[in-house]
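In: quick one, fold the following:
(chains A and B)
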Amino acid sequence: MEKNNQILELIADMGDKLGGDYVFDRQYIISTCEKAAELVYNIIYNLNTIAPKKYLPLYESYERINADIREELAGRLVIPKTDYTMPYTAISRDFSDVVGNKNANLAEVKNLLHLAVPDGFAITTRTFQSYLEHNQLWDQIEAIITGWREENEYSSEEAAARIQGLIIEGKIPPALEKAIGNAMDQLYLSAETVKPSLAIRSSAWGEDGEHTFAGQYTSFLNEPPENILDRYKDVLASTYSSSAMEYRLQTGFSETEVAMAVGCQLMVDAKVSGVLYSLDPQSPEQEVMIITATWGLGAPLVAGKIVADNYTVSREAPYPITALNIVRKSEMLTTRESGGTEIRPVPEDLQTRPCLTEEQVQSLVNMALTIERYFKRPQDIEWVLDQDGAVFILQARPLKIKAQIDQLVCDISSVLESYPIIFAGKGVIAQRGVGTGKVFVVKSDEDLDDFPQGGILVTKYTSPRLARVIKRANAILTDVGSATGHMATIAREFRVPTIVNTGVATRLLQTGQEITLDAEQNVIYEGTVKELCYYEFTEEAIEETYEYRLLRRVLKKIAPLNLVDPHDKNFNPTSCKTFHDITRFVHERAVEELIELKYDHRSETALRKLKFPIPLGLVIIDIGGGLVEQVNSNDIEQSQVISVPMRALLEGMVEPGMWATEPMSVDFGSFMSSLTRTFSSAMASPRYLGLNLAVISKEYLNLSLRLGYHFNIIDSYISEKPNDNYAYFRFLGGVTDITRRSRRANFLAEVLGRYDFRVDVRGDLVVARIKKLPAQGMVGKMRILGRLVAFTRQLDVKMISDEHMNKYMEDFLALAEAPNAVGQI
Amino acid sequence: MNTEKKTQVIILDDEPIVCKRLKPGLEKVGYEVEAFTHSVDAMERIKKKEFDIVITDLKMEGFDGMQFLTEVKSRSQTTEVIVITGFATMETAKESFQKGVFDFIAKPFKMGEIQEIVRKAEMKVRENRSR
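Out: So this is what the prediction gives:
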């Protein structure tokens, strides 16, 4: 049980590191993974000792998970070998090596930021490799490259032509043809037209990251589906265009690092196309975005072949258009009926008309800001409007403007000194970053509807209800809350700079006030500190560093909990997908096995049922001096319990008013269903009943309590030596929706905090500790825990609003401090 | 502050992520920072320029941080050394303190923690040099 706690602590600890407040390294990730693996192995071993050979499949699950983790640590991506293609919906940034940065960025924009991106799939770099292998091209290509780079046998043009010829003459392996066919079938299902045409674009490894390779590789527009295999070969061949080869030579890329992925997307019927720079690369100090737009498809605009309308937009809310340059657009690129594209004249009446309305400009700007904040770089975005005016993002990549920005921020520390600080060093950083904007204090759910794009969200509590505005926020500040809660998780997903638990945010900040939040140094400045934003742009986004990606990947194998309900048929060793699953499973079964063990042996330390005014269904194992001597029956009375911590806990539980029995006026149905689940079935099944177990001695208590889906552990030792004394409280709940669970967690945290416990809230998990108090003080704390367990039993069902939470808080404190309460604290 | 010469800090850690995080973290609070992931480069650098504060890892592949800090100390007594390491054991801590290390911090640590240590080291550097 002790190990169980250790593992859970370790998992939470690793999650914390992702928040960005900590500096950690690869060694940390490796050693923590090893430690977690060792602990998990130990608890499996221990369980199999109590119940010989009963849980051997756990070892298999353990080996499987641990092997995956070791592969990740060794630097190999764990992806199934069969993945020749991946739909955009399955791609995340963690696959950028496999699908190329261009595809990975687009998929993130689609899946995480929920902006419109045409449906599609990626043909992976693995496919590129197997194509070359299948046609035995590796050695030939290498020989040609050597002939060009080292022996001057060929010019780059000659080398390129030879390699490209080899690639185009190659044969597509049958398995690959099938995989692409399947991906196409899937894509058709989502297409609205019967025979959709495709845009086929390069997405090379290393492209659109630190190096742009802009325009080095080939793309195809409006391709009929039957051409896809030939076009795929064409894009692969463009990997070895002479310009790309020269570029790699100049930028220090090795030719062995080359891997081409390809993106295949449904064509958008383009009315207007264009490019948006979220910061003017020519003069970043102007604080403007530049949008260029033209009729039809955007390819000639990107290539700089035609003239286009030019919009200059301020980067400051409400983002007004500051300059407008509408030109005569006489030609446009359009799709051709038979496939491919052609240049056509623009109808006379449209030639001098602006391509975009003001609303369209605004929606482009909003999208750009969301993307920029997520990728933490000014963006170069290709977009398109379809015939109905809906915006689609075709490409998003970082703008290269570091050199210009460096000149703007010559000395960051002295610049910062000139800005007044509102407060600093308060609270916990949940997501690193810098955010500027106007404060918007949210007091009620209705306020959320008015939350402006680019505002700074200031609120008392963290709450999952805020999720719907987080995407629009430039930064978040809360009075209370934890860096590992659900809201913080969402903030991290969108990379919105966030500081929680400041204690003062709603008091010191007013709606409309302009501030800059530096969630790096944990400082809130008055006004807009532009220099800080620029500085942020020049820093490497740590979320994209290898170490962060690695930690995220290994955590996927460790932290998520899939086995929640012990009565589910999937609650078995082979369904364990993570270390957390194994830990949960082992704990549940260990408690059961311990009970059965004791029933079987009928030993001194026999197992007894507690007769108690409250239907707890508690079974007690006394391992020494926890009960009065000469207990004959299997049932024991409360008065026979002399274990110090247990006695205090029970006293707390039976205090008047704590165990709510009155009928619920609010939300009665939900309460009843939960009540039934908790007690009727509990009464009916002795096995279920037995799961509430206390292991006690004179000074010790370990209590595992399950009421319904709530899972509560209390562990305490109370003796005459204050230094050894401690109490540990852990509560994980269920039944109701996540909002109510969070409220209950907040309630527990506030009460426990008030009684001097050190409290840690992670989502709806509450962990509280207190230690080294003299015995009398510890007894008082155990009574508090007893009261809380009784009081909060069904609290989440009743907590339908924050007001309820405050009311129950008062109720609890009133009851706890009432004169008839047993024992004062 | 602007007229004064900034405190010079050099960082040596073979894990690039540590340098990437520490350099901007310290620059923002007013230090001039150089960061190195290769000990040879850092060694060359300290021969050319005197730093006020040295931050170094102890265990690095193919190189011993202890060697680096010994070299630093032998060049300038008033330079303060802060040791960061992933293997925080009493042994290495003791040994590094004997070599005149200012403080010792175990990875992973919070940015605020190292900023605080650097601030204290800076005060000591000034104190020693004003004598």
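In: distance-wise, check the residue nearest to A:Glu287 when sequence neighbours are not counted relative to chain B.
Out: Leaving aside its sequence neighbours, A:Glu287 sits nearest to A:Arg315 (Cβ to Cβ, 6 or more residues apart in numbering or on different chains; 4.7 Å). The C-beta positions use only the backbone N, C-alpha and C, and glycine is treated the same way. Separation of A:Arg315 from chain B (Cβ to the nearest Cβ, to the nearest Å) stands at 22 Å.
In: mind listing residues that contact stretch A:166-178?
Out: Stretch A:166-178 has contacts (Cβ atoms under 8 Å, 6 or more residues apart in numbering or on different chains) with A:84, A:127, A:130-132, A:134-135, A:137, A:140-141, A:229, A:232-234, A:236-237, A:239-240.
In: what remains of those if I keep only buried residues?
Out: In those, burial by neighbour count holds for A:84, A:127, A:130-132, A:135, A:137, A:141, A:232-234, A:236-237, A:239-240, counting by 16 or more other Cβ atoms under 10 Å in any protein chain shown.
In: in helices, which of those appear?
Out: Mapping the buried ones among the contacts of stretch A:166-178 onto helices (DSSP state H) picks out A:127, A:130-132, A:141, A:232-234, A:236-237.
In: from those, which single one is nearest A:Phe612?
Out: A:Thr127 (65.4 Å; Cβ to Cβ).
In: and the closest one, what does it touch?
Out: A:84-85, A:176, A:179, A:261 are the contacts of A:Thr127 under Cβ under 8 Å, 6+ apart.
In: list just the nearest of those to chain B.
Out: Proximity of the contacts of A:Thr127 to chain B (Cβ to the nearest Cβ) peaks at A:Ala261, which lies at 25.7 Å.
In: the closest one pairs with what?
Out: A:Ser203 (DSSP bridges).
In: any idea how far it lies from A:Ala519?
Out: A:Ala261 sits 34 Å away from A:Ala519, going by Cβ to Cβ, to the nearest Å.
In: neighbour count: these two, which is higher?
Out: A count of neighbours by other Cβ atoms under 10 Å in any protein chain shown puts A:Ala261 above the other of A:Ala261 and A:Ala519, at 31 against 26.
In: right, and that one touches A:Tyr217 too?
Out: No: the pair A:Ala261 / A:Tyr217 is not scored as a contact, 10.8 Å apart, by Cβ atoms under 8 Å.
In: so what sits against both of the two?
Out: Overlap of the contact sets of A:Ala261 and A:Tyr217 (by Cβ under 8 Å, 6+ apart) consists of A:202, A:204.
In: now find how far off-centre stretch A:380-388 is within its chain.
Out: 28 Å (Cα atoms, centre = their mean, to the nearest Å).
In: taking the stretch 1-150 of chain A, what residue is nearest to chain B?
Out: A:Phe24 (3.5 Å).
In: tally of neighbours for the nearest residue to that residue once chain neighbours are set aside?
Out: Excluding the flanking residues, the one nearest A:Phe24 by Cβ to Cβ, 6+ apart is B:Pro108, at 3.5 Å. Residues lying near B:Pro108 (other Cβ under 10 Å) number 22.
In: surely A:Tyr154 is in contact with A:Thr146?
Out: No: A:Tyr154 is beyond contact range of A:Thr146, at 9.9 Å (criterion: Cβ under 8 Å).
In: between these two, which one's more packed in?
Out: Using other Cβ under 10 Å as the criterion, A:Tyr154 and A:Thr146 rank with A:Tyr154 on top: 18 against 14.
In: and B:Glu95, backbone torsions?
Out: phi -60, psi -40 (degrees, to the nearest 10).
In: before we move on, the earlier item: as CSV, the ones in helices among the buried ones among the contacts of stretch A:166-178 with distance to A:Asp447 would be great.
Out: Listed next are those as CSV, based on distance: Cβ to Cβ, whole Å:
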residue, distance to A:Asp447
A:Thr127, 50
A:Ser130, 55
A:Tyr131, 55
A:Leu132, 58
A:Ile141, 61
A:Tyr232, 51
A:Lys233, 56
A:Asp234, 54
A:Leu236, 53
A:Ala237, 56
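In: quick one: pLDDT of the residue nearest to A:Glu287?
Out: Looking at A:Arg315, its pLDDT is 88.
In: which stretch of helix or strand covers the residue nearest to A:Ser697 when sequence neighbours are not counted?
Out: Distances taken as Cβ to Cβ, 6+ apart put A:Gly624 closest to A:Ser697, at 4.4 Å, once the chain neighbours are dropped. Counting by DSSP states H and E, there is no helix or strand that carries A:Gly624.
In: and A:Gly624, what's its pLDDT?
Out: 76.
In: in space, what's closest to B:Asp64 - neighbours in sequence excluded?
Out: That would be B:Leu58: by Cβ to Cβ, 6+ apart, it lies 7.5 Å from B:Asp64.
In: ugh, wrong one, I meant A:Glu157
Out: Leaving aside its sequence neighbours, A:Glu157 sits nearest to A:Ser242 (Cβ to Cβ, 6+ apart; 4.7 Å).
In: surely B:Asp14 is within a strand?
Out: No: with DSSP: H, G, I helix; E, B strand; the rest coil as the criterion, B:Asp14 is located in coil rather than a strand.
In: surely it and B:Ser39 touch.
Out: Yes: proximity of B:Asp14 to B:Ser39 meets the contact threshold set by Cβ under 8 Å, at 7.5 Å.
In: so where do the strands sit in the stretch 201-350 of chain A?
Out: A:219-223, A:260-266, A:270-277, A:288-295, A:309-314, A:321-325, A:331-335, A:341-345 (DSSP state E, counting those that start in this stretch).
In: again but with chain B, I slipped
Out: With DSSP state E as the definition, chain B shows strands at residue ranges B:8-12, B:32-36, B:53-57, B:59-60, B:63-64, B:80-85, B:103-106, B:109-110.
In: could you dump those into JSON lines and include mean pLDDT?
Out: Putting the strands of chain B into JSON lines (pLDDT from 0 to 100) gives the following:
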{"stretch": "strand B:8-12", "mean pLDDT": "93"}
{"stretch": "strand B:32-36", "mean pLDDT": "92"}
{"stretch": "strand B:53-57", "mean pLDDT": "91"}
{"stretch": "strand B:59-60", "mean pLDDT": "70"}
{"stretch": "strand B:63-64", "mean pLDDT": "71"}
{"stretch": "strand B:80-85", "mean pLDDT": "87"}
{"stretch": "strand B:103-106", "mean pLDDT": "84"}
{"stretch": "strand B:109-110", "mean pLDDT": "84"}
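In: any idea which of these is most buried?
Out: With neighbours defined as mean count of other Cβ atoms under 10 Å in any protein chain shown, these peak in mean count at strand B:53-57, which reaches a mean of 26.
In: tell me which parts of chain B are close to chain A?
Out: B:1-2, B:13, B:15-18, B:20-22, B:24-25, B:27-31, B:86-87, B:107-112, B:114 (Cβ under 8 Å from any Cβ of the partner chain).
In: now with 6 Å, please.
Out: Residues of chain B lying near chain A by Cβ under 6 Å from any Cβ of the partner chain: B:2, B:15, B:17-18, B:20-21, B:24, B:28, B:30, B:86, B:107-110.
In: distance of the spatially most central residue of chain A relative to A:Glu153?
Out: The residue lying closest to the centre of chain A (Cα atoms, centre = their mean) is A:Glu493, at 4.7 Å. In this view, A:Glu493 and A:Glu153 are 52 Å apart by Cβ to Cβ.
In: remind me, longest helix of the chain?
Out: I went with chain A, as the question did not name one. helix A:26-50.
In: sorry, I should have been clearer: chain B.
Out: Longest helix of chain B, by residue count under DSSP H: helix B:111-130.
In: that one vs strand B:53-57, what angle?
Out: Taking axes from the mean of the first three to the mean of the last three Cα atoms, to 10 degrees, one finds helix B:111-130 and strand B:53-57 inclined to each other by 140 degrees.
In: tell me what helix B:111-130 is packed against?
Out: Under the contact definition 3 or more Cβ pairs under 6 Å, 6 or more residues apart in numbering or on different chains; DSSP states H and E, helix B:111-130 sits against strand B:80-85.
In: which other helices and strands contact the strand it packs on?
Out: Checking 3+ Cβ pairs under 6 Å, 6+ apart, strand B:80-85 ends up next to strand B:53-57, strand B:103-106, helix B:111-130.
In: all set now, cheers.
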